[in-house]
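# When you get a sec, could you give me coordinates for this:
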Amino acid sequence: MTVPALTAETRWRCTLCGNLTRFDVTRTARVTEFLHFDLAGESKVEETEVLSETVETVRCRWCNAVDQVELVARPGAQDAAAEAEQA
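Predicted coordinates for the structure are as follows:
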């Protein structure tokens, strides 16, 4: 099953229990990272560029349903889009 992609105006909702906030997401990402090493050899990621990303599965934390998500509008997303168009 294809997992629906999130946008700035949408979020996931579990179709079985209605959960909107807790999901375990398995994804594959190809990234380029800029690492900064201190003199002791400890590294810190300072920049990350995502080259490609694939969401493989989404599991609901409340009912453990796998890939039972749908896209729903985020609260206020339509209002924000309308305001952006007017500006």
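
# List phi and psi for residue 16.
As for residue 16, its main-chain torsions (degrees, to the nearest 10) stand at phi -90, psi -40.

# Hmm, I typed the wrong one, I wanted residue 45.
According to degrees, to the nearest 10, residue 45 has phi -80, psi 120.

# Find the residue closest to it in space, skipping its chain neighbours.
Leaving aside its chain neighbours, residue 45 sits nearest to residue 33 (5.1 Å; criterion: Cβ to Cβ, 6 or more residues apart in numbering). Any C-beta I mention is one placed from the backbone N, CA and C, and that applies to glycine too.

# which residues touch the one you found?
By Cβ atoms under 8 Å, 6 or more residues apart in numbering, the contact set of residue 33 is 45, 47, 48, 49.

# May I ask which helix or strand encompasses the last one?
In this structure, residue 49 sits in strand 43-60 according to DSSP states H and E.

# and the angle from the following helix or strand past that strand to strand 43-60?
Using DSSP H and E, the helix or strand that follows strand 43-60 in sequence is strand 69-73. On the basis of axes from the mean of the first three to the mean of the last three Cα atoms, to 10 degrees, strand 69-73 is oriented at 100 degrees to strand 43-60.

# for strand 69-73, packing partners?
strand 10-14 (3 or more Cβ pairs under 8 Å, 6 or more residues apart in numbering; DSSP states H and E).

# For the strand it packs on, buried residues please.
For strand 10-14, a neighbour-count test (16 or more other Cβ atoms under 10 Å) marks 11, 12, 13, 14 as buried.

# Among these, which one sits closest to residue 55?
residue 12 (10.0 Å; Cβ to Cβ).

# Distance-wise, check residue 26 relative to residue 64.
Distance of residue 26 to residue 64, given as Cβ to Cβ, to the nearest Å: 14 Å.

# Actually, residue 58.
Distance, residue 58 to residue 64, by Cβ to Cβ: 12 Å.

# neighbour-wise, which of those two wins?
Taking other Cβ atoms under 10 Å, residue 58 and residue 64 do not tie; residue 58 has more neighbours (20 against 12).

# Make sure the residue nearest to residue 45 is indeed in a helix.
No - looking at residue 33 with DSSP: H, G, I helix; E, B strand; the rest coil, it is strand, so not inside a helix.
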